[in-house]
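Novice: What shape does this take:
(chains A and B)
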Protein chains: 2
Amino acid sequence: MISKKMKDFVANGSAIRAMFEEGNQMATVYGAENVCDFSLGNPNLPPPPAVKEAILQILNEEDPTELHGYMSNSGFADVREEVAQSINGKFGTDFSWENIVMTVGAAGGLNVVFKTFLNPGDQVIAFAPYFGEYKNYSISFDADFAMVPASIPSFQPNLEEFERMLNPKTKMVIINTPCNPTGVIYTEETIVKLAEILNRKQKEFGTDIYLISDEPYRELVYGDIQVPYVTKYYDNTIVAYSYSKSLSLAGERIGYLVIPDAVADYEMVSAAANIATRLLGYVNAPSLMQKTVARCLNAQIDIDYYDRNRQALYNGLTEMGYECTYPDGAFYLWMKSPIEDDKKFVDMAKKYQVLLVPGTFFGCPGYARIAYCVLPRTIEVAMPKFEALMKEIKGQAG
Amino acid sequence: MISKKMKDFVANGSAIRAMFEEGNQMATVYGAENVCDFSLGNPNLPPPPAVKEAILQILNEEDPTELHGYMSNSGFADVREEVAQSINGKFGTDFSWENIVMTVGAAGGLNVVFKTFLNPGDQVIAFAPYFGEYKNYSISFDADFAMVPASIPSFQPNLEEFERMLNPKTKMVIINTPCNPTGVIYTEETIVKLAEILNRKQKEFGTDIYLISDEPYRELVYGDIQVPYVTKYYDNTIVAYSYSKSLSLAGERIGYLVIPDAVADYEMVSAAANIATRLLGYVNAPSLMQKTVARCLNAQIDIDYYDRNRQALYNGLTEMGYECTYPDGAFYLWMKSPIEDDKKFVDMAKKYQVLLVPGTFFGCPGYARIAYCVLPRTIEVAMPKFEALMKEIKGQAG
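Specialist: Have a look, this model is predicted:
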C-alpha cells in the first residue's frame, strides 16, 4: 500500500489526468485538427539551432568520460562560472561559480530549496494566482502553505494582505514573474515594496525570510519591459531558473539556482543545497545539458512566434467581449470567466472542443488560463468557437 | 537558517568532503601520478561508441520540439516499451511499457520509490555492508532505517538475522546485487530463501513488504555468473536500474524503475510513482538520454578493462597477505582491514597516498572498499605502496 500522503495526491491527480484523457477522446471523435487544446504549457517551438550545434561540438571536442561522468553535485565548475558571468553581464550582479548550483530544471531547483530550508510546520507563502506545484511541494515537505489572495485587476501581488499574513513561522515566499498563469510582470515598484516589507518583518520577528524567485519565463517578455533582477533588491533572495522555455528544453531538465553571498547563512545554505541535490536523488543536473546550455547563454527561441499568438488571441477575444489581462510575458493569457463559476465555464468551452484550465486550479476562481504555445492555426480554428461560446453565454444571461 | 535535518547532513557531509580535499592536496604535494585514489565509484571508461552514434542519429532524425519537450512524467511511451521488451528478451519476463518508469538514474528511481511507499516511522531494511545513501534517504523521508549485520565471510545476506528483524512496520527491504561495496552477487538460493521469508512474514503480519532491487551493477559481472532477476522470485519486487555504469553515463542521470503488475496495489503504486516523479521535481527523466539509451539497449562498456583491474588488484593484494573477498561483479574490491580499526587503517594508507573508504561507512567496520574504476597504472603504482603498508603493519604487530 502506498503512503497516506501519496493516496491524496493520486486521488487529486486523477482529476487532471481525466481532463487530458478527455482531450484525447475529443480528438478521436472530432478530429485532432478541430480540438483546440490550450491547457498545457509545453513549448511548441524547437530549440534554437545553437542547441544542436553545441551538442555536436561538445561530442566532438570534449573527453567523453568526463563529459558523461559524475562531477560535483552542484555541477561542472566551468559551467557554473560561465552561467555566473552571463548573469553578471546581463544584470550587473557580481556572482561567481560558487553562487550557482546547476539543477534538474526549476522544479528540481525549487525542491532543493524546499529541502534545504523547511522544517515541518514552517510556512511557505505564494501570491494567487500561483503555479499549483508550490502548494504540492509544500505538502510534500510537511510545510504550511498560505496563499495571498489576488489583487484584481492588476494581478500584481497584494502587498497589504501579504504584510498581514507574515508571521514568525514564515520561512519562504515564492514569486513567479513573468507569472504563470497571468503573464503579468511584477514592476520594480512592487519588488521594492516587497523587499521593504520583508526586511521590516525579518527585523520584527528576528527571523530569516527567504524570497524564492521562480523564473522559467524570464526571457519570454514582449516589448521593452524590464523584469527586475530580484537579488538586487533583497538580500535573502534565491533565484530558480530553467532553460525549459527560453531554449525549449523542457524535457531535458536543466536549470540553476542562484544563491548569493548576501543570503543569510550563505555557507550553510550553499553546503545544504549541494547535499540536497544528492539526497533528493538528482545527484547532479544532466551533464551533457549542463555543457550545452553553457554554450547557448545568448541563444533564445523565436519569441516573435509567441508574440503573434498573444496578439491574435488577446485582440480576437477582447473584441468578442471577453475580459483578458494583457500579458507582458510568459505564454499564457488570463481571462475573466464570463460566468461566475470558472469550472462550469471551462466545461462549456469543452463542448466547443476548446480546452482551458480553470482559475480555481491556480487559487483564483472566476478566471481561466489559455496557454498559447500552440500552432497559429489552433487560434484561427478556436476563434469562431469562442464566439459561439460567448453567444451561448449571452443568450443564457438574456 | 537551514532546516534541522539538513544541519545534521551538512555536519556529516563535511567529513567526506574533507577526505576529497585531502586527496586533492596530496596531488599537489606528491604529484597526481603518485596519488592512488581508490575512493570513488566514478566510471573511468568512456561510453561505448553506440552512445555517440545514437545521439547523432536522434538529432538528425527526430522532431526537435518533441525530442526536447515534456512527455508523460513516466517517460516516452516508445522508450518504455523498448526497455520492457529488452528486459523480457534477456530475463524471460512479461513486462509492457506500463511497467516501466524512466527515472533520473537509480538514485532518482529510489527516491520515487521511497516517496511512493513511506509513511513517517515505516521501517526500511538493508543488508550490511550497504550503500550509505539507503540510510540517508530513509532519514530524508522520516523512515526508520534498520541494518541486518553482515554475514562474514560470504557477504551473502544474513537471512536468519533478517527474519528476526522483520516486523509489522517493515515496508521496504533493499538489496543491491552485484553489491556495492563487496562485489558479491547474491545467489539464486539466497533470493529464493529471501522471497520465502518475505512471503511468510507478509502473511503473518497481513502487510505488504516491498523488495527493492537496486541494480546499477547488473551488467558488471565477470565470467559466467548469473544475477537472478528478482521479480521472478517475489511478487512485491520493484527494480531500480541505472545506465550509469553499464553505459558510463553516470552524469547523465538516466535509469528506470520496473513496477510489475504482480506488485500489491499495482494501479495505485504505478499512479503514485508517476506523480512522485513530478512532485520530487524530476518531472521526467532527461528526454534526449531516454531516447539515447533506447537505441543502446545491447551496448555495453568494455568490461574486460575492469576485469583486468580486478585480477591485478585481487591477485596482487592477496599475495601480500591482504584478505579480500573475490568480487564477481561491480568494480569494488572488499578488503579485510589488517588491523581492527578500519578508519585507522585507511588513515595509515593515506600516508602512502593510497585513498580507500573505511567499511564503517557501509555499516561494516573492520573492512575497506577499493574502487577499481581506475587507470591500470594507478594499480601498478599502488602495489609497492600496499606492500610497504603491510610491512609497516606487520612490523607494528611484531
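Novice: Tell me how far the residue lying closest to residue A:135 once chain neighbours are set aside lies from chain B.
Specialist: Leaving aside its sequence neighbours, residue A:135 sits nearest to residue A:145 (C-beta to C-beta, 6 or more residues apart in numbering or on different chains; 4.8 Å). All C-beta atoms are positioned from the backbone trio N, CA, C, and that covers glycine. Residue A:145 sits 14 Å away from chain B, going by C-beta to the nearest C-beta, to the nearest Å.
Novice: what's the helix or strand hosting residue A:145 in contact with?
Specialist: Element membership for residue A:145, per DSSP states H and E: strand A:144-148. Outside strand A:144-148, the residues that touch it by C-beta atoms under 8 Å, 6 or more residues apart in numbering or on different chains are A:121-128, A:130, A:134-135, A:138-139, A:157-158, A:161-162, A:165, A:169, A:363.
Novice: which of these count as buried?
Specialist: Buried members of these, counted by 16 or more other C-beta atoms under 10 Å in any protein chain shown: A:122-128, A:130, A:134-135, A:138, A:157-158, A:162, A:363.
Novice: Of these, which belong to helices?
Specialist: A:134, A:135, A:138, A:162 (DSSP state H).
Novice: What residues does the first one make contact with?
Specialist: With contacts defined as C-beta under 8 Å, 6+ apart, residue A:134 is in contact with A:110, A:124, A:126, A:145, A:174.
Novice: and those, which two are the farthest apart?
Specialist: A:110 and A:145 (13.1 Å; C-beta to C-beta).
Novice: So for these two, which sits in the more crowded spot?
Specialist: The residue with more neighbours, out of residue A:110 and residue A:145, is residue A:110; 25 against 18, by other C-beta atoms under 10 Å in any protein chain shown.
Novice: And for stretch A:323-334, what's in contact with it?
Specialist: For stretch A:323-334, contacts defined as C-beta under 8 Å, 6+ apart pick out A:41, A:43, A:129, A:153, A:155, A:177-185, A:217, A:220-223, A:225, A:227, A:245, A:306, A:309-310, A:313-314, A:317-318, A:335-336, A:338, A:359, A:367-373.
Novice: correction: stretch A:192-202
Specialist: Residues lying outside stretch A:192-202 but in contact with it, judged by C-beta under 8 Å, 6+ apart, are A:157, A:159, A:162-163, A:166, A:170, A:173, A:175, A:186, A:208-209, A:211, A:233-234, A:236.
Novice: and chain B, which of those contact it?
Specialist: Among these, the residues within reach of chain B (C-beta under 8 Å from any C-beta of the partner chain) are residue A:208.
Novice: most surrounded residue in the contacts of stretch A:192-202?
Specialist: Of all these, residue A:173 has the most neighbours under the rule other C-beta under 10 Å, reaching 28 neighbours.
Novice: That one should be in a strand, yeah?
Specialist: Yes. Assessed by DSSP: H, G, I helix; E, B strand; the rest coil, residue A:173 belongs to a strand.
Novice: who touches it in this structure?
Specialist: When contacts are counted by C-beta under 8 Å, 6+ apart, residue A:173 touches A:124, A:125, A:126, A:162, A:198, A:209, A:210, A:211, A:212.
Novice: before we move on, the earlier item: restricted to strands, list the contacts of strand A:144-148.
Specialist: A:123, A:124, A:125, A:126, A:127 (DSSP state E).
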